[in-house]
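Participant: how does the following fold in three dimensions:
(one chain, ligands or ions: 1)
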Amino acid sequence: MPISVSPCLWHELKALQTFAFTLLIDFWLLDPNMADVEALKREAGIEACKFVRTGMKVGLGTGSTVKHTVIELGRMIREEGLEIVGVPTSLATEKLATEMGIPLVELSDVDGLDIVIDGADEFDPNFQLIKGGGAALLREKIVAQESSAMVVVADDRKRVETLGAFPLPIEVTPFSHEATIRALNRLLDCRVNIRMAGEGPVITDNGNMIADAHTGPSINNPISKESEILQIAGVVQVGLFNNMCDAIVLAGANGVETIINPKGRL
Ligand code: 5RP
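Facilitator: Have a look, this model is predicted:
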């Protein structure tokens, strides 16, 4: 039976089609690798769900890789009867997890978490991490600290010999942030910028700002660097996650591998 479409609706459909087509072209032309990277993120994000069992309390990280974990956990709840509760590490993850039907609890209402799955901006051979590219480092670190195990999901662009090519995110108080930046600058001897979103600074879920320290790949001792940075009044938290990561689910051109930290808890 022929379907009649009003001219108005037809134009709207056509506009939608053109928009979708343009997006697709941008996606491929701007960076032909983008689609591959997205596929790798999805593979890693989904594979990490193998660490999750019914009855677990699960920390839900933030970012474009762990987003796939959250989506998959939602699917496992709906289709496979998985029973878990989640603690999100950001308002964005809280929104996504709610949409996916994952029951959420407050961290304060539970006595620790079984596992947290989260992304990372860099990891080194000792499983030390830089996190905070998504400005969620404070909640991510609190949740990681409360978890019995931490699994990182990443694609192989995140593997480095020495941390620091990715600018180190540091959450700072808005109060007197210029002075905090100067103190960080003196300590790290590198450019430190307040992260901007358009005209204004990025404001975290906790009402703070993010300073990005351009150290370069020079953080040879992330443990001492973390404690030195935390000495500065005005610093709320730093995106160095030391001795927290137990396994990395890493997606690369040859597939997904799970690297277990020999000194970890898994
Ligand atoms: C957010 C984070 C993210 O986990 C990190 O930036 C990695 O994100 P993505 O998976 O999008 O690369 O630390 O604060």
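
Participant: my read is that residue 209 contacts residue 169, right?
Facilitator: No: in this structure residue 209 lies outside contact range of residue 169 using CB atoms under 8 Å: 10.5 Å. C-betas here are computed from N, CA, C, even on glycine.

Participant: quick check: neighbours shared by those two?
Facilitator: The contact sets of residue 209 and residue 169 overlap at residue 195 (CB atoms under 8 Å, 6 or more residues apart in numbering).

Participant: can you get me a residue count around residue 223?
Facilitator: When neighbours are defined as other CB atoms under 10 Å, residue 223 has 13 of them.

Participant: what about the residue lying closest to it once chain neighbours are set aside, distance to the ligand?
Facilitator: Leaving aside its sequence neighbours, residue 223 sits nearest to residue 242 (CB to CB, 6 or more residues apart in numbering; 5.1 Å). To the ligand, residue 242 is 14 Å away according to CB to the nearest ligand atom, to the nearest Å.

Participant: then residue 119?
Facilitator: Between residue 119 and the ligand the distance is 3 Å, computed by CB to the nearest ligand atom.

Participant: how about the contacts made by the closest residue to that residue other than its chain neighbours?
Facilitator: Of all residues not flanking residue 119 in the chain, residue 63 sits nearest, at 3.6 Å (CB to CB, 6+ apart). Each residue near residue 63 by CB under 8 Å, 6+ apart is listed here: 118, 119, 133, 134, 136.

Participant: contacting residues for the last one?
Facilitator: Contacts here follow CB under 8 Å, 6+ apart; on that basis residue 136 touches 61, 62, 63, 89, 90, 92, 93, 204, 205.

Participant: from the residues you listed, which land in helices?
Facilitator: Using DSSP state H, the subset of those located in helices is 92, 93.

Participant: mind putting the contacts of residue 136 into CSV with distance to residue 79 and pLDDT?
Facilitator: Formatted as CSV, these follow (distance: CB to CB, whole Å; pLDDT from 0 to 100):
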residue, distance to residue 79, pLDDT
61, 22, 98
62, 25, 98
63, 24, 98
89, 25, 98
90, 26, 98
92, 24, 98
93, 21, 98
204, 35, 98
205, 31, 98
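
Participant: what is the nearest of the contacts of residue 136 to residue 259?
Facilitator: Minimum distance to residue 259 across the contacts of residue 136 is 17.3 Å, recorded for residue 61 (CB to CB).

Participant: hmm, which of the contacts of residue 136 are the buried ones?
Facilitator: 61, 62, 63, 89, 90, 92, 93, 204, 205 (16 or more other CB atoms under 10 Å).

Participant: pretty sure residue 244 is touching residue 142, no?
Facilitator: No: contact criterion CB under 8 Å: residue 244 and residue 142 do not qualify, at 11.5 Å.

Participant: those two: which has the busier surroundings?
Facilitator: The neighbour comparison of residue 244 against residue 142 (other CB under 10 Å) goes to residue 244, with 23 against 15.
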